[in-house]
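Trainee: sequence and computational prediction follow.
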Amino acid sequence: MKKILAALISLIVFAASFSFCELAFAVKTTDVAKTQIGASNTYYEFDASTKTLTFSGSGDIPNMANDETIQPWFSWRSDGSIENVVIEEGITKIGNYVLYQVSCKNISIPSTLNAIGNYAFAYNSLLESVELPFGVRIIGVSAFENCISLKSASLPDTVTNINKSAFKQCYKLESIKIPHSVTSIGNYAFHRCSVLNSVCFEAMSSPVSIGSYAFMACPMLSEVSVPLNAKLNKYTFGYNDTPKLYDGFSMKVFSGSDAMTYAMARSIPYTLLDAIPLELGAENKNEYLEETVNNVHKYSFTPEISQKYNIYSDGEVDLRATLFENETELATGDDISKDNLNFCLSYELEAGKEYIINVSSVRSDGEYSVVVYPDEITSFDIGGELSFSADEANNGIFEITDEMAERFILSIDFKGFSDKIYYSNRFFNNRSLSLSDKQAEQPITCGENYSYIAIGEIESAYKVLISHSYIGEYVDMTLDDDGYTLYTCVLCGDSYKADFVPTTAVTVSGKAVLMENPNGSHEHNIPYKYAKFYANDRYYYIDENGSWSLRTFGSLDLIFENENGRDVQVHIDVDGKDVDFGAVAFEGYDFNGDTRVNAKDFAIFLKQKEQTYGADYWKFAGKFL
């Protein structure tokens, strides 16, 4: 009995395993047409032949959950169906859980992205690298957690928050550079990154808060240099999960810093950093307090290329600075202008040499930052455009403000370096960064235009798109045309007609024929085209076939002016319907206009008219002699 029961259990287990395998490895083989995601302006579609999941549209991809009723690709996200993910331009956020457990190497991320939601990429077992675009500010909770193949992650200088567990258990992540823009690194952010051996803070004076356990259980991280103004929490650096301090772990800290206190309290070996190292383009934020206003802040810079550099400050603190090579004073800098109390040191520096910059306050406290750039700007491009409606123009001029351009991204090429910044009207790299308005000489009109931003003497263009603004004017119906509204653009004069109102005029038509007897008869109905007529103060003409027509709103009198005989008057009654008046007969034989038909007219006919009228034309004239 026991053998039979065991065999039965084995059979059940085998069947269950087989069913599970069928489910787990069932590959999605059908396309999914473009489908709206919730009520958003974003869409997804799937191409089974290329195994590509594509997101398109504009704005944020809505938050989802680890639930088959909410995440559309839940049942085939990890079975090999999806090899490529394309997130198109226009998407601004990848919501919570959107790509949770979607395992693929190839993920295309748009330049328009500015936020990554909680668990957005988590548990992707195949993703090896990620490069986030300039503009991303938020990396959500567990955004890349358990991406076990992730070897490299490049973060832009716009990230401010690396949230809790963002890169937790990324077992193959070897190094991470923390941008100068980061102000917060959450708890467990890099927990159990077991081969992480380098944590580099781009700005070594950053006021960054580093959460508890942020770099816990990172056994390969033997040393870390911590920014002057960083705030550390429980077991931030140096501990395993026990928690126990790793043997051989050490820190580089600044005297009096929170990091120094952290090291001393835990008996962690440390060395003191003397100067705050500057990297190109990195904002090194710092602060003067009332009690430290007399202190000198020391910075260092070692250029890779020999050229002229600008080392300057930004903020509301009245500062001065001195540049040294060894102990030799090279230059001093004080106020940039009467309106800008920051300093700027502009100097030719040699590659490989370390330069020291001593910064002091002029009896002023507050926050400031120190930045260094190569002096030579070769060019720059602008990412962004503005849109207006034509009616926003004031006397043909569009007001373009700094606030409108503050999300523009400037990609700047220097000699030997490139960087990206957001536009703002300020002092930048020893130059004025500002909007350059050329509307006086280059008027902006409807359609695609260009305006400019200037960094000193260098300018670059961005698009300004103007849409038409129409005002309508009703044009009343006429005898010949329907009524309509004429819409005309207030800026460029472009116009179109719409809202037509059918004219109430009716058509009156008839036939002009040659009179064959004095009694007015016209048995043969020979077309007569030798008269014109007028009505309602307008002239009309009879066509080659003798037909005539006109339009009218009501009854009218017609006067036919006969070229070869007496004029004819006709009254026509109109009751709102088209009128076929029929034939109007004309005497056509008095060529010389003397009110009688005689031999003189016959002579004129033979000499001038016969070829035009035809030889038989005169055959009825005898009845009028």
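Mentor: Structure received. Residues are numbered from 1 along each chain as shown.
Trainee: if I look at the spatially closest residue to E325 that is not a sequence neighbour, how far off is K51?
Mentor: Using C-beta to C-beta, 6 or more residues apart in numbering and skipping residues adjacent in sequence, the residue nearest E325 is Y355, 5.6 Å away. All C-beta spots, glycine's among them, are computed from the backbone N, C-alpha and C. Distance, Y355 to K51, by C-beta to C-beta, to the nearest Å: 53 Å.
Trainee: and if you look at F602?
Mentor: Counting by C-beta to C-beta, the gap from F602 to K51 is 97 Å.
Trainee: coming back round to it: what backbone torsions are found at the residue nearest to E325?
Mentor: phi -120, psi 140 (degrees, to the nearest 10).
Trainee: quick one: contacts for it?
Mentor: Applying C-beta atoms under 8 Å, 6 or more residues apart in numbering to Y355 gives the contacts S300, F301, T302, P303, L323, F324, E325, L330, L349.
Trainee: run a quick neighbour tally on the last one.
Mentor: It refers to L349. Using other C-beta atoms under 10 Å, L349 has 23 other residues around it.
Trainee: list the contacts of it.
Mentor: F301, P303, S306, Q307, K308, Y309, Y355.
Trainee: hmm, try it at 6 Å
Mentor: P303, Y309 (C-beta atoms under 6 Å, 6 or more residues apart in numbering).
Trainee: dig out what it forms beta bridges with.
Mentor: Beta bridges link L349 to Q307, judged by DSSP bridges.
Trainee: start at 20, not 1
Mentor: With the count now opening at 20, the last piece we talked about shows up as L368.
Trainee: mind pulling up the pLDDT for it?
Mentor: At L368, the pLDDT value in this model is 98.
Trainee: again with the first one
Mentor: Model confidence at S319, expressed as pLDDT, equals 98.
Trainee: helix or strand for it, which one?
Mentor: For S319, the host element (DSSP states H and E) is strand 315-320.
Trainee: show me what that strand is packed against.
Mentor: Here strand 315-320 touches strand 374-380, going by 3 or more C-beta pairs under 6 Å, 6 or more residues apart in numbering; DSSP states H and E.
Trainee: pull up the pairing partners for the strand it packs on, direction included.
Mentor: Here strand 374-380 is paired, per DSSP bridges, with strand 315-320 (antiparallel), strand 338-344 (antiparallel).
Trainee: check which element follows it along the chain.
Mentor: Using DSSP H and E, the helix or strand that directly follows strand 374-380 along the chain is strand 385-393.
Trainee: give me the buried positions along that following strand.
Mentor: Buried residues in strand 385-393, defined by neighbour count with 16 or more other C-beta atoms under 10 Å: Y387, S388, V389, V390, V391, Y392, P393.
Trainee: rebuild the residues you listed as JSON lines, extending it with distance to P238 and pLDDT.
Mentor: Shown next, in JSON lines, are the buried residues of strand 385-393 (distance: C-beta to C-beta, whole Å; pLDDT from 0 to 100):
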{"residue": "Y387", "distance to P238": "38", "pLDDT": "97"}
{"residue": "S388", "distance to P238": "35", "pLDDT": "97"}
{"residue": "V389", "distance to P238": "35", "pLDDT": "98"}
{"residue": "V390", "distance to P238": "36", "pLDDT": "98"}
{"residue": "V391", "distance to P238": "35", "pLDDT": "98"}
{"residue": "Y392", "distance to P238": "38", "pLDDT": "98"}
{"residue": "P393", "distance to P238": "39", "pLDDT": "98"}
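Trainee: got TSV for these, with distance to Y258 too?
Mentor: Formatted as TSV, these follow (distance: C-beta to C-beta, whole Å):
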residue	distance to Y258
Y387	35
S388	32
V389	33
V390	35
V391	35
Y392	39
P393	41
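Trainee: pick the one among those residues closest to Q588.
Mentor: Distance to Q588 across those (C-beta to C-beta) is lowest for Y392, with 93.0 Å.
Trainee: which non-adjacent residue is nearest that closest one?
Mentor: N448 (4.5 Å).
Trainee: follow-up on the earlier one: closest to N583 out of the strands paired with strand 374-380?
Mentor: Per C-beta to C-beta, nearest to N583 of these: strand 338-344, 104.2 Å.
Trainee: for the stretch 520-644 of the chain, which segments count as helices?
Mentor: 618-623, 629-632 (DSSP state H, counting those that start in this stretch).
Trainee: deepest in the core, which of the ones you listed is it.
Mentor: By mean neighbour count, with neighbours taken as mean count of other C-beta atoms under 10 Å, helix 618-623 ranks first of these at a mean of 15.
Trainee: give me the mean pLDDT for it.
Mentor: Helix 618-623 shows a mean pLDDT of 94.
Trainee: list the helices and strands the strand or helix carrying F519 packs on?
Mentor: Using DSSP H and E, F519 falls within strand 514-520. Applying 3+ C-beta pairs under 6 Å, 6+ apart, we find strand 514-520 packed against strand 502-508.
Trainee: pull up the pairing partners for the strand it packs on, direction included.
Mentor: Strand pairing for strand 502-508, determined by DSSP bridges: strand 489-494 (antiparallel), strand 514-520 (antiparallel).
Trainee: just the contacts of Y374 now: which is nearest K638?
Mentor: Nearest to K638 out of those is P322 (C-beta to C-beta; 112.2 Å).
Trainee: my read: the closest one touches A370, true?
Mentor: Yes: at 5.5 Å, P322 and A370 qualify as touching, with contact defined as C-beta atoms under 6 Å.
Trainee: pLDDT below threshold where in the stretch 20-169 of the chain?
Mentor: Low-confidence segments of the stretch 20-169 of the chain, defined by pLDDT under 70: 20-45.
Trainee: quick revisit: to T397, which of the strands paired with strand 502-508 lies closest?
Mentor: Minimum separation from T397 across those (C-beta to C-beta) falls at strand 489-494, 44.3 Å.
Trainee: buried sites along that closest one?
Mentor: Result for strand 489-494 [16+ other C-beta under 10 Å]: buried residues Y489.
Trainee: hmm, who's touching it?
Mentor: Taking C-beta under 6 Å, 6+ apart as the rule, strand 489-494 contacts Y503, T504, L505, Y506, C508, V509.
Trainee: now render those as a markdown table, adding neighbour count and distance to E542.
Mentor: Formatted as a markdown table, the contacts of strand 489-494 follow (neighbours: other C-beta atoms under 10 Å; distance: C-beta to C-beta, whole Å):
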| residue | neighbour count | distance to E542 |
| --- | --- | --- |
| Y503 | 18 | 47 |
| T504 | 16 | 52 |
| L505 | 15 | 51 |
| Y506 | 17 | 56 |
| C508 | 19 | 61 |
| V509 | 16 | 64 |
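Trainee: give me the nearest residue to D293, chain neighbours excluded.
Mentor: K317 (6.7 Å).
Trainee: quick check: beta-bridge partners of the one you found?
Mentor: Per DSSP bridges, the residues bridged to K317 are N377.
Trainee: tell me, how many residues neighbour the residue nearest to D66 when sequence neighbours are not counted?
Mentor: Closest residue to D66 apart from its sequence neighbours, by C-beta to C-beta, 6+ apart: D50 at 6.0 Å. Number of residues near D50 (other C-beta under 10 Å) recorded here: 10.
Trainee: now do the one 3 residues further on
Mentor: Neighbourhood size, K53 [other C-beta under 10 Å]: 11.
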